[in-house]
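Engineer: Give me a model of this one.
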Amino acid sequence: MSATDKPLLIKRYASRRLYNTETSDYVTLEDIAGLIRKGREVQIIDLKTGDDLTRQYLLQIVAEHESKGQNVLPVNVLTDLVRSYTTGMQAVMPQFLASSFEMLRNSQSKMVENLSTFPNPMATMPGFDALRKQQEAFLKTVMNGMPGWPGATSGPEAEPAAEKGEDLADIRKQLAELQAKLSKL
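Structural biologist: Numbering: from 1, shown residues only. Predicted coordinates:
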């Protein structure tokens with residue numbers, strides 16, 4: 001195991017200063033956040049007691065970023081987190097969050113892989129074809145009657161009213177499905 005595979009040990013002194021054992025210098029919370037953003041794992045230990053303070057400091061980093069307007073966590077998610085401490089969800093929440101972030105990382109990896117695909121990398125992404133069809137149907141509905149728009153339905157080549165209604169119903173159904181999926185997330 002190389003040095004970068006092991007968590008970087010940060011020691012907290014009684015003065016509350018944080019000491020990077022690898023570079024032999026003091027670091028700030030922002031320095032630690034930068035290391036984490038670069039992919040480095042850290043472990044923060046209280047020098048006197050030996051207690052692991054990593055969780056406490058990571059929460060502090062998140063709180064500072066949120067308070068500076070760098071909002072990642074919507075209020076409803078924060079509310080659900082607070083509620084999870086007082087319900088039966090407390091036991092399930094850590095696994096749920098870990099799984100959610102793992103899925104996010106996997107999706108990002110697949111997207112990067114697909115971007116290297118030639119000639120149309122987006123076409124290989126899961127759900128891309130359905131998304132493309134939704135966009136086409138939406139644009140067709142919105143741009144209906146606009147002169148010069150490909151697929152415009154004005155004039156002699158206009159679609160029958162029944163087909164327009166079906167397209168609109170499909171769009172509404174797909175929108176409802178997407179909203180349901182988003183609310184589950």
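Engineer: residue ranges for the helices of the protein, please.
Structural biologist: Secondary structure of the chain (DSSP state H): helices at 29-37, 54-67, 75-84, 93-115, 128-142, 161-184.
Engineer: Nearest to Tyr19, out of the ones you listed?
Structural biologist: helix 29-37 (11.2 Å; C-beta to C-beta). All C-beta atoms are positioned from the backbone trio N, CA, C, and that covers glycine.
Engineer: ok, back up a step: distance to Ile10 added to the helices of the chain, as TSV?
Structural biologist: Converted to TSV, these look like this (distance: least, C-beta to C-beta, whole Å):
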stretch	distance to Ile10
helix 29-37	7
helix 54-67	8
helix 75-84	25
helix 93-115	22
helix 128-142	43
helix 161-184	37
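Engineer: averaging pLDDT over each of those, which comes out lowest?
Structural biologist: Among these, helix 128-142 carries the lowest mean pLDDT, a mean of 64.
Engineer: domains of the chain?
Structural biologist: With domains defined by automatic domain parsing, the chain comprises 8-72, 73-124, 127-185.
Engineer: With mean neighbour count added, can I get those domains in TSV?
Structural biologist: Shown next, in TSV, are the domains of the chain (neighbours: other C-beta atoms under 10 Å):
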stretch	mean neighbour count
domain 8-72	13
domain 73-124	11
domain 127-185	12
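Engineer: before we move on, back to that, of the helices of the chain, which is nearest Asp46?
Structural biologist: helix 54-67 (9.7 Å).
Engineer: send the alpha carbons of the closest one over as PDB?
Structural biologist: C-alpha atoms of helix 54-67 as PDB (Å, rounded to 0.1, in the frame of the first residue of the first chain):
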ATOM      1  CA  THR A  54     -12.500  13.100  11.500                       C
ATOM      2  CA  ARG A  55     -16.300  13.100  11.400                       C
ATOM      3  CA  GLN A  56     -16.500  16.300  13.500                       C
ATOM      4  CA  TYR A  57     -14.100  18.200  11.300                       C
ATOM      5  CA  LEU A  58     -15.700  16.900   8.000                       C
ATOM      6  CA  LEU A  59     -19.100  18.200   9.300                       C
ATOM      7  CA  GLN A  60     -17.500  21.500  10.100                       C
ATOM      8  CA  ILE A  61     -16.100  21.800   6.600                       C
ATOM      9  CA  VAL A  62     -19.500  21.100   5.100                       C
ATOM     10  CA  ALA A  63     -21.200  23.600   7.500                       C
ATOM     11  CA  GLU A  64     -18.700  26.300   6.600                       C
ATOM     12  CA  HIS A  65     -19.200  25.800   2.800                       C
ATOM     13  CA  GLU A  66     -22.900  25.800   3.200                       C
ATOM     14  CA  SER A  67     -22.800  29.000   5.300                       C
END
